[in-house]
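**Q** Below are the sequence and a predicted model; questions follow.
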Amino acid sequence: MEGVAPYILPSGVSTLNLETTEWEFLRDIGIELGVPENAILREDKATNTFENSRFSKHVLQQMGIHPTRAILVCKSYHARRGLLT
């Protein structure tokens, strides 16, 4: 899916594995799949869907990025909550 987006923004702090954050876990997968590290933005404070959205928006604003559209990637059972948020 190269060329779909200039950045990815994994978001989240909690995981079942207390040694890493959700952000670190997703960043590592992105790197393994060939995403350049400088294209992976960082939001590692969110603890729920609302915070994922709010904190991610803040990261983008701080970087001067104002997207007109985004691709939300999540598990299928989480899609409705993500869309509503």
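**A** Thanks, I have the structure now. Residues are numbered from 1 along each chain as shown.
**Q** which residue packs closest to residue 42, ignoring adjacent ones?
**A** Leaving aside its chain neighbours, residue 42 sits nearest to residue 23 (6.3 Å; criterion: CB to CB, 6 or more residues apart in numbering). Placement of C-beta: from N, CA and C, glycine included.
**Q** How far off centre is the helix or strand harbouring that neighbour?
**A** Taking DSSP states H and E as the definition, residue 23 sits inside helix 22-32. Helix 22-32 has its C-alpha centroid displaced from the chain centroid by 10 Å (CA atoms, centre = their mean, to the nearest Å).
**Q** what does stretch 54-66 give?
**A** So, by CA atoms, centre = their mean, the centroid of stretch 54-66 is 12 Å from its chain's centroid.
**Q** buried sites along that stretch?
**A** Across stretch 54-66, burial judged by 16 or more other CB atoms under 10 Å covers 55-57, 59-60.
**Q** Just list the residues touching residue 18, thanks.
**A** Under the criterion of CB atoms under 8 Å, 6 or more residues apart in numbering, residue 18 has no neighbours.
**Q** any idea how far residue 42 is from the residue nearest the centre of the chain?
**A** Central residue of the chain (CA atoms, centre = their mean): residue 10, 2.1 Å from the mean position. Taking CB to CB, to the nearest Å as the measure, residue 10 falls 8 Å from residue 42.
**Q** Thanks again, I'm all set now.
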